[in-house]
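Participant: Sequence and predicted structure are below.
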Amino acid sequence: MSDPRPTRRAFLRGASGLAIALPWLEYVHGEARAQAATAQRFIAVYTPGGTVLNRWRPSGTETAPVLSPILAPLEPVKNKLLVLDGLDMKSAVGEQHQAGIIALLTGTPQSKNNRNYAAGPSIDQVIATGSKKPRRSIEIAVRWATGKSHGLLSPINCLNFENAQGWKPIPPRLDPVQIWNDLFKSQSNAPGMDAMARMARKRSILDFLDRRYAALAQRLGSEDRAKLDQHLTKIREIEQTLSTVQQPTTAACKAPMLIDTKNYDPLTGLDSSDNGSVKDTSTDAEIPKVGKLMMDMLVMSLACDMTSVGTLQWSDTEAKHTFPWLNLSEHHHFYQHDGGFKPVECEKICTWYSQMHSYLLQAMAAVDMGGHSLLDESVVLFGSELQEPPSHLKNNAPLLLAGGGGGLRGGRWLRYNARSHNDMLVSILNLFGDMRTTFGDPKYCAGPLPNLV
C-alpha cells in the first residue's frame, strides 16, 4: 500500500515543475566625480565550511602580499582584493553552524525570540533600503538546503534578513532557468516571446500551486503548515518584485547566455537525507556550470541597473553534496568532520571556490560602466560561517573584500588583532555613506576598521 502522506517534492513541484527555494546610489554621469567616494553596488558571496587557515593565510607584507595556495586563483584580481586577517565572528552565538551563517551579514547572535533566526537585518538589506531600482535586491543560491533542512528555509541555510521589525528570513531563488527568464527573457530574441507568453510568465508560481496546497495542507501538522505558509509567503513577495519586465538601461547591459541546465535539479535538496547518504551526482556534476551562470546573471543584473544589491550562496552550512569535478565522492561536511577532518580535501574545495571568486571579480572588472568598471564602483564580500572545520572555531574568519567602491584600496593583506567581524560590517556601511559606528549587536562592536580606504 502506498504512503498517503505528501512528500516535500510532491508539494513543491506543483507549480508546473518550477523550483522554489525559498544602494546603488543614483549614479548620474555629471555627478560621478563628486560621488566617487561612495560605493555604488554590493555583492556578498557565501561559501560553506570555513577554510584550512595555514593554507589560506597569505605571506609577505601588507602592500606586497603573496597569495596562499588557496587564494592563488585570485592573483589576476589581486590589485582589487583585500585579505582581512585576524577578525573574529564574536557575534556568532548559538548552534555552531547556524550561528555563523546568521551572524555573517547581520552581526547578531541567534535569537530564540525569532525562531532561532537573526535578531536584526542583514547588511545587504540595509544597503538596499530606499533603493529606486526595479528590484531592491536579488538573492540566489546553488545546491542549497541539503541535509537536515531538506530543501526548506531554515536557520541552517539562511543568509538574508529583512530590514524591518521582525527581521524575517529571505529565501534565495534556486532555479537558474527561472531566474534567467524573470530577469533577461524580455531582453532576448528568444522564440515564442509573444504577449501571451509574457503575461503567463508574470503570473505567480503560487497561483498554480494554491489549489494543490489547499488540499495538501489539511494533511500537514500545524508546525509544518506554519513553516510552509511562511516560506511560500516570502516567495510570493519576491516573485511580485521580479514580475516587472526590465528593459536595458545602460550600454553595459547584455543578457547572459542561457546554457543547458537540464541535468541540474534545483529541488534535489527536497530529497536529501540528514547524513548526506542520498546523493544526486548528476546534479552535483552541474554545479560549476550552473554556478557560473548564476554569477553571470548577478553581474548583469547590476550592470543592467535592475538592482544594486545581490547575494550568492554556494550551498548551505551542511553542504551535503559531492564534488565530481574534483574527484571527491563524499560531501563537504564529511571532509570537514563527519568523516574526520581531511585538510587535503578541504583545501581542494576551498581552492576551487577561490577560482569561482576570481571568475566573478574578473567578470565585474570586464564590464565598462563609462570610464570605469563595475568592480571599481562595487564592494564584494566573501565569507563563511566558521574558520576551522573540525572545531567550528570562528576566530580568524576567512574574510575577503574586493572592488573599489567607497575608495576601498585593494592589493593588500590587512591584519587585525582579534577585532570583531561586526566592525567590518560597520566599515562596509560606511563605504556606502552610512556613517553609523555600530551594526548588529552593539556589544560586539568597537567601531569601523582602520586602513580600508
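Facilitator: Right, received. Where do you want to start?
Participant: hang on, Arg415 in a strand?
Facilitator: Yes - in this structure, Arg415 lies within a strand as judged by DSSP: H, G, I helix; E, B strand; the rest coil.
Participant: list the contacts for it?
Facilitator: Taking CB atoms under 8 Å, 6 or more residues apart in numbering as the definition of contact, the neighbours of Arg415 are Glu62, Asp85, Gly86. C-beta coordinates here come from the backbone N, C-alpha and C atoms, glycine included.
Participant: What subset of those is buried?
Facilitator: Taking 16 or more other CB atoms under 10 Å as the criterion, what is buried in the contacts of Arg415 is Asp85.
Participant: which regions of this protein lie under the pLDDT threshold?
Facilitator: Judged by pLDDT under 70, the chain has its weakly predicted residues at 1-37, 188-220, 225, 227, 230-250.
Participant: Tell me which stretches of it form strands.
Facilitator: 41-46, 59-60, 65-66, 81-88, 138-141, 160-161, 169-170, 309-313, 378-383, 399-403, 412-420 (DSSP state E).
Participant: of the ones you listed, which approaches Pro73 most closely?
Facilitator: When the strands of the chain are ranked by proximity to Pro73, the top entry is strand 81-88, at 11.1 Å, counting by CB to CB.
Participant: ok, and what's touching the closest one?
Facilitator: When contacts are defined by CB under 8 Å, 6+ apart, strand 81-88 is touched by residues 57-58, 65, 67, 71, 74, 361, 394-397, 399-402, 408-421, 423-424, 449, 452.
Participant: Can you select the buried ones from these in ChimeraX?
Facilitator: In ChimeraX, this line selects whichever of the contacts of strand 81-88 come out buried by 16+ other CB under 10 Å:
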select :57,58,65,67,71,74,361,394,396,397,399,400,401,402,408,410,412,413,414,416,419,420,421,423,424,449,452
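Participant: Mind putting the strands of the chain into a markdown table with distance to Ala226?
Facilitator: Compiled in a markdown table, those are given as follows (distance: least, CB to CB, whole Å):
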| stretch | distance to Ala226 |
| --- | --- |
| strand 41-46 | 26 |
| strand 59-60 | 52 |
| strand 65-66 | 49 |
| strand 81-88 | 36 |
| strand 138-141 | 22 |
| strand 160-161 | 18 |
| strand 169-170 | 14 |
| strand 309-313 | 24 |
| strand 378-383 | 31 |
| strand 399-403 | 35 |
| strand 412-420 | 34 |
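Participant: Quick one, which of the ones you listed gets closest to Ala118.
Facilitator: strand 160-161 (4.5 Å).
Participant: Just list what that closest one packs against, helices and strands only.
Facilitator: Other helices and strands packing on strand 160-161, by 3 or more CB pairs under 8 Å, 6 or more residues apart in numbering; DSSP states H and E, are helix 98-106, helix 123-128, strand 169-170.
Participant: just these: most buried one?
Facilitator: helix 98-106 (a mean of 28; mean count of other CB atoms under 10 Å).
Participant: what's the distance between that one and the middle of its chain?
Facilitator: Average the C-alpha atoms of helix 98-106, do the same for its chain, and the two points are 12 Å apart (CA atoms, centre = their mean, to the nearest Å).
Participant: And it, what does it pack against?
Facilitator: Contacting helix 98-106 under the criterion 3+ CB pairs under 8 Å, 6+ apart are the following elements: strand 41-46, helix 123-128, strand 160-161, helix 421-431.
Participant: Give me the contacts around the last one.
Facilitator: By that I understand helix 421-431. Residues external to helix 421-431 that are found in contact with it (CB under 8 Å, 6+ apart): 38-39, 42, 84, 87-91, 103-105, 107, 123, 126-127, 379, 381, 397, 399, 401, 405-408, 435-441, 444-449, 452-453.
Participant: Mind giving me the ChimeraX command for buried ones among these?
Facilitator: Selecting the buried subset of the contacts of helix 421-431 in ChimeraX, with 16+ other CB under 10 Å as the burial test, is done by:
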select :38,39,42,84,87,88,89,90,91,103,104,105,107,123,126,127,379,381,397,399,401,405,406,408,438,439,440,441,444,445,448,449,452
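Participant: Look up how far Arg419 lies from Pro176.
Facilitator: Plainly put, Pro176 is 38 Å away from Arg419 if you go by CB to CB, to the nearest Å.
Participant: Please disregard the earlier target; I meant Tyr46.
Facilitator: Relative to Arg419, Tyr46 is positioned 21 Å away (CB to CB).
Participant: can you check Gln125 too?
Facilitator: 24 Å.
Participant: May I have the phi/psi pair for the closest residue to Phe184 other than its chain neighbours?
Facilitator: In space, Phe184 comes closest to Ala255 once its chain neighbours are excluded; the distance is 3.8 Å by CB to CB, 6 or more residues apart in numbering. Listed backbone geometry of Ala255 is phi -60, psi 130, with angles given as degrees, to the nearest 10.
Participant: do the same with the one 10 residues further on
Facilitator: Backbone torsions for Asp265, taken as degrees, to the nearest 10, come to phi -100, psi 100.
Participant: go on, Gln165?
Facilitator: Here is the backbone geometry of Gln165 (degrees, to the nearest 10): phi -50, psi 130.
Participant: How many neighbouring residues does it have?
Facilitator: Number of residues near Gln165 (other CB atoms under 10 Å) recorded here: 7.
Participant: tell me the contacts of it?
Facilitator: Under the criterion of CB under 8 Å, 6+ apart, the contact list for Gln165 is empty.
Participant: Can you tell me how far the closest residue to Ile138 other than its chain neighbours is from Leu393?
Facilitator: Nearest non-adjacent residue to Ile138, counting by CB to CB, 6+ apart: Gly310, 4.5 Å away. With distances taken as CB to CB, Gly310 is found 29 Å from Leu393.
Participant: Kindly report the same for Trp180.
Facilitator: 39 Å.
Participant: quick one: which of those two has more around it?
Facilitator: Higher neighbour count among Trp180 and Leu393: Trp180, with 23 against 16, using other CB under 10 Å.
Participant: Please verify my assumption that the more buried one contacts Ile259.
Facilitator: No - with contact taken as CB atoms under 8 Å, Trp180 and Ile259 are classed as non-touching, separated by 9.3 Å.
Participant: Between the two, which contacts overlap?
Facilitator: Any residue near both Trp180 and Ile259 by CB under 8 Å, 6+ apart counts here, and that gives Leu293.
Participant: count of neighbours near the closest residue to Trp325 other than its chain neighbours?
Facilitator: Nearest residue to Trp325, sequence neighbours excluded (CB to CB, 6+ apart): Pro288, at 5.6 Å. Taking other CB under 10 Å as the criterion, the count of residues near Pro288 is 18.
Participant: In space, not sequence, find me the middle residue of the chain.
Facilitator: Centrality entry for the chain: nearest residue to the mean C-alpha point is Leu312, 2.4 Å, by CA atoms, centre = their mean.
Participant: thought that one was touching Ser137?
Facilitator: No - counting by CB under 8 Å, Ser137 is not a contact partner of Leu312; they are 11.8 Å apart.
Participant: Fine by me, thanks again.
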